[in-house]
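Student: Give me coordinates for this.
(one chain, ligands or ions: 2)
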Amino acid sequence: MYLKNIEIHGFKSFANKINFQFHNGITGIVGPNGSGKSNVADAVRWVLGEQKTKQLRSSKMEDVIFAGTENRKPMGYAYVAITFDNADHKLNIDYDEVTVSRRLFRSGESEYMINGTQVRLKDVNELFYDTGIGKEGYSIIGQGQIDRILSGKPEERRELFDEAAGIVKFKRRKNDAMKK
Ligand code: ATP
Ligand code: MG
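Tutor: Residues are numbered from 1 along each chain as shown. Ligands and ions are numbered 1, 2, ... in the order given. Next up is the predicted model:
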């Protein structure tokens, strides 16, 4: 499984629709300060269901929508879609290619989709449990995260090992069952 494509439209500095295509290997994104490199990582966090604005370097969720410039009007929504090659079926879904998207309007209305079908945030989270990809995963290592892992509380460190060991989904299911 690998990340094949990121489509961004109206998210942060990306007013024009843009497609980043990746191959199964290492890709670097380079550019001057302020050109939007970190915004690409934020877009991936966001589409994976990040709800904490601090993690997205914003003060409120609406701030992820393109705010306009001197000669360009603000956008009415932000849209991000990421596509994984799933030929090895590491994602537990019956498709060789999986696209997850999120759209947010200024009204606050928002929607998630998996392969074109509207889903709940919970479904997006479940798709990525134990893959290391989800917003709680370790596939996006932000600035300062290594420090937090090294100097964090044992329980927090434990969460990372649970994800790597592939037992998060069982823990969540147990918790859900206990609540009922
Ligand atoms: P550095 O090399 O300094 O880390 P970078 O390439 O990572 O830079 P980013 O932090 O991704 O840069 O991009 C910052 C830019 O994104 C700023 O110019 C900021 O104004 C712009 N930006 C952030 N949110 C929005 C928004 N909602 N609308 C328009 N522009 C935005
Ligand atoms: Mg940056």
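Student: residue contacts, the closest residue in space to F105 that isn't next to it in sequence?
Tutor: Distances taken as Cβ to Cβ, 6 or more residues apart in numbering place Y77 nearest to F105, at 4.6 Å, with adjacent residues excluded. Backbone N, C-alpha and C define where each C-beta goes, glycine included. With contact set as Cβ atoms under 8 Å, 6 or more residues apart in numbering, Y77 has these partners: G10, I65, R103, L104, F105, R106.
Student: In the residues you listed, find the pair that's most separated.
Tutor: For the contacts of Y77, the maximum inter-member distance is 11.5 Å, found between R103 and R106 (Cβ to Cβ).
Student: Count the neighbours of the closest residue to ligand 2 within the chain for me.
Tutor: Of all residues in the chain, the one sitting closest to ligand 2 is S38 (3.2 Å; Cβ to the ion). A total of 15 residues lie near S38 under the criterion other Cβ atoms under 10 Å.
Student: And M178, by the same measure?
Tutor: For M178, the neighbour count with other Cβ under 10 Å is 7.
Student: what do you get for K171?
Tutor: When neighbours are defined as other Cβ under 10 Å, K171 has 12 of them.
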